[in-house]
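Colleague: next input, structure requested:
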Amino acid sequence: MDKTYTIAIDAMGGDNAPEEIVKGALLARDKYKNLHLNLYGDKGKILELIGETKQDRIKIINTTEMIEMGEEPVKAVRKKKDSSMVVAANAVKDGSADALFSAGNTGALLASGIFIVGRISGIERPGLLTVLPSVDDPKRQWVFMDVGANAEVKPSYLYQFAVLGNFYATHVLKKPNPEVKLLNNGTEEDKGDKIHIQAYQLLKNGKQLNFTGNIESRELLNGHADVVVADGFSGNAALKAIEGTALTMFAGLRKILVNGSLKTKIGAALVKPALKEFSSVLDYNNAGGAVIAGVKAPVVKTHGSAKAKTVSNTIGQIKIMLESNLVPDITKYVDENKDQFKIILEEK
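Modeller: Have a look, this model is predicted:
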């Protein structure tokens, strides 16, 4: 019999909560037979949504508060002790759940992950990790970290992001020897500011990392790396630029095809299947969520406007993280390589 896992779900977090969160949880429950899903939130509202559906492997834990999207993250986590997110995070901390899922306030989930679930000893700064597609080869997904948690970094942070991303690539994406690159403003070894130049040397000399140099943002979607390391400011800016460009490109193309001549419309009909296939490659609804990497259990944030399908896919992503022993293996590696994780280059 497969090992069973319990996932704590913040049912009240997100633009479409609790409706889409509950629907997605039910989809995941039916799809993944070894998961138990604990829903934290307004019990009355959740029960209304579940209706006559059997509650096998579904448990509802009533909470009286919720953290809104616009609230100051750390203050909200400290003040709203009975919020769905905080109570769910405490369930992971005390061992009654194995992982935490939310579509809510990103900063609050980051604070919950670091201050409640807890940082892995030896990791200086947990970061946000996401998985993106390659346009050249849709099957070659790649890890991008950090995409927003740490705007200011040290060289050692970037090195640790590479190690965390490398583990995710091997364990979850099943890549045997991930190619690691550093996001920079040029490919030469001496490019970038002092922090990135020093980080390059740490990565170049790092144990068990297949580091192959810098990568520019224009090459991110071309399948030239399995793990890309960035500071949180640059990573978040690049991620939003990718999302924005994709949305603008498809909106503009749709406008031209719909409002064009008869010949254009005929051509649009012919290429529609190919365009639909290409758009699915860039559609976040087909992917999972952003992982808070470097904490003591899987903590995953899906898009705030996520629908049921995305919620279910993200729960499936958490399932893989749990079954692959990702966090325990990271913890063991960091503990066995403490000296490696204390490397800090002297600033000249």
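Colleague: neighbours around the nearest residue to residue 256 once chain neighbours are set aside, how many?
Modeller: With Cβ to Cβ, 6 or more residues apart in numbering as the criterion, residue 256 has its nearest non-adjacent residue at 7.2 Å, and that residue is residue 264. Using the backbone N, CA and C atoms, a C-beta is placed for each residue, glycine as well. The tally of other residues near residue 264 (other Cβ atoms under 10 Å) stands at 13.
Colleague: for residue 264, give me the pLDDT.
Modeller: Predicted confidence (pLDDT) for residue 264: 75.
Colleague: quick one: it is in a strand?
Modeller: No. Per DSSP: H, G, I helix; E, B strand; the rest coil, residue 264 lies outside any strand segment and is helix.
Colleague: from what I can see it touches residue 257, true?
Modeller: Yes. The criterion here is Cβ atoms under 8 Å, and residue 264 meets it with residue 257 at 6.2 Å.
Colleague: please name every helix or strand in contact with the helix or strand hosting residue 30.
Modeller: Secondary structure from DSSP states H and E places residue 30 in helix 19-31. For helix 19-31, the packing partners by 3 or more Cβ pairs under 8 Å, 6 or more residues apart in numbering; DSSP states H and E come out as strand 5-10, strand 35-41, helix 43-50, strand 58-62, helix 308-323.
Colleague: swap in 6 Å and give it another go.
Modeller: helix 308-323 (3 or more Cβ pairs under 6 Å, 6 or more residues apart in numbering; DSSP states H and E).
Colleague: what is the orientation angle of the helix it packs on with strand 5-10?
Modeller: Orientation check (axes from the mean of the first three to the mean of the last three Cα atoms, to 10 degrees): helix 308-323 against strand 5-10 gives 140 degrees.
Colleague: what about helix 308-323, average pLDDT?
Modeller: On average, helix 308-323 scores 96.
Colleague: restricting to C-alpha, output that helix in PDB.
Modeller: Presented in PDB, the C-alpha positions along helix 308-323 are these (Å, rounded to 0.1, in the frame of the first residue of the first chain):
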ATOM      1  CA  ALA A 308     -10.100  24.200  -9.600                       C
ATOM      2  CA  LYS A 309      -7.800  22.600 -12.200                       C
ATOM      3  CA  THR A 310      -4.800  24.600 -11.100                       C
ATOM      4  CA  VAL A 311      -5.500  23.900  -7.500                       C
ATOM      5  CA  SER A 312      -5.700  20.100  -8.200                       C
ATOM      6  CA  ASN A 313      -2.400  20.300 -10.300                       C
ATOM      7  CA  THR A 314      -0.600  22.100  -7.500                       C
ATOM      8  CA  ILE A 315      -1.800  19.500  -4.900                       C
ATOM      9  CA  GLY A 316      -0.300  16.900  -7.300                       C
ATOM     10  CA  GLN A 317       2.900  18.800  -7.400                       C
ATOM     11  CA  ILE A 318       3.000  18.700  -3.500                       C
ATOM     12  CA  LYS A 319       2.400  14.900  -3.700                       C
ATOM     13  CA  ILE A 320       5.500  14.500  -5.900                       C
ATOM     14  CA  MET A 321       7.500  16.600  -3.500                       C
ATOM     15  CA  LEU A 322       6.500  14.400  -0.600                       C
ATOM     16  CA  GLU A 323       6.900  11.100  -2.400                       C
END
